[in-house]
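Participant: sequence first, then the predicted structure:
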Amino acid sequence: MREHFASIISSIGEDLNRPGLLDTPDRAAKAFQFLTRGYNQTLDEIVNGALFPSDSEEMIMVKDIELYSLCEHHLLPFIGKAHVAYIPTGKVLGLSKIARIVDMFARRLQIQEQLTVQIAESVQEITGASGVGVIIEAKHMCMMMRGVEKQNSSMKTSAMLGSFRTNQATRNEFLSLLRS
Ligand SMILES: [Zn+2]
């Protein structure tokens, strides 16, 4: 990967031997590896048994999970927040695990729509929840720095599974928790 970054840098006409760029291919390769480390993680590893019995059937929500991802079309960052909620049926997930699931999928080449669905389906799969809702709002550098150069647009996507899809009251509760 270091070699590839070196050829990208020289192909834009830069001098790889100037002091500021000497170690850049190496640093860029390390950074890129970090930004895509989600490929080396699995759900089982991440959850690592942090599932706990619970009698509650009330909605659990984790709001404002910071999210940093790379768009698969331009390899440019998109940055935003994820909100995840579910209704347990006997098992709840350690709170930090939700953030780690978001991170695992975000640290791959992504489109926001797909990321949203992957998070929802994973929470559903692990907890057996009767419903899951995920909303992501993010700003895309490929829109802000290039192309249409729209600085303030953000994109919102949602994935609603189970009762979040079929039950209006559940969906409303989710949306009102989000606003509060
Ligand atoms: Zn893009």
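Facilitator: Looks like it came in fine. Numbering: from 1, shown residues only.
Participant: what distance do you get for the residue minimising distance to the centre of the chain to Leu70?
Facilitator: When C-alpha atoms, centre = their mean is applied to the chain, the residue found nearest the centroid is Ala106 (3.3 Å). In this structure, Ala106 lies at 9 Å from Leu70, with C-beta to C-beta, to the nearest Å as the measure. (Glycine included, C-beta is placed from N, CA and C.)
Participant: same check, this time on Ser10
Facilitator: Ser10 sits 23 Å away from Leu70 when distances are taken as C-beta to C-beta.
Participant: same thing with Leu43?
Facilitator: Summarising the geometry, the distance separating Leu43 from Leu70, computed by C-beta to C-beta, is 20 Å.
Participant: now Gly38
Facilitator: With distances defined as C-beta to C-beta, the gap from Gly38 to Leu70 amounts to 10 Å.
Participant: and what of Leu93?
Facilitator: For Leu93, the distance to Leu70 equals 26 Å [C-beta to C-beta].
Participant: ok, the two, which is more surrounded?
Facilitator: Residue environment comparison for Leu93 versus Leu70 gives the larger neighbour count to Leu93, 23 against 20, counting by other C-beta atoms under 10 Å.
Participant: am I right that the residue nearest to the centre of the chain is in contact with Leu67?
Facilitator: Yes: with the criterion set as C-beta atoms under 8 Å, Ala106 and Leu67 qualify as a contacting pair; they are 5.1 Å apart.
Participant: ok so, going back, what sits against the residue nearest to the centre of the chain?
Facilitator: By C-beta atoms under 8 Å, 6 or more residues apart in numbering, the contact set of Ala106 is Gly38, Leu67, Tyr68, Ser69, Leu115.
Participant: so how far is the ion from it?
Facilitator: Distance check for Ala106 against the ion: by C-beta to the ion, to the nearest Å, it reads 14 Å.
Participant: now do the phi/psi pair for that residue.
Facilitator: Dihedral pair for Ala106: phi -70, psi -30, per degrees, to the nearest 10.
Participant: then Tyr39?
Facilitator: Summarising the backbone geometry of Tyr39 under the convention degrees, to the nearest 10, its torsions are phi -70, psi -20.
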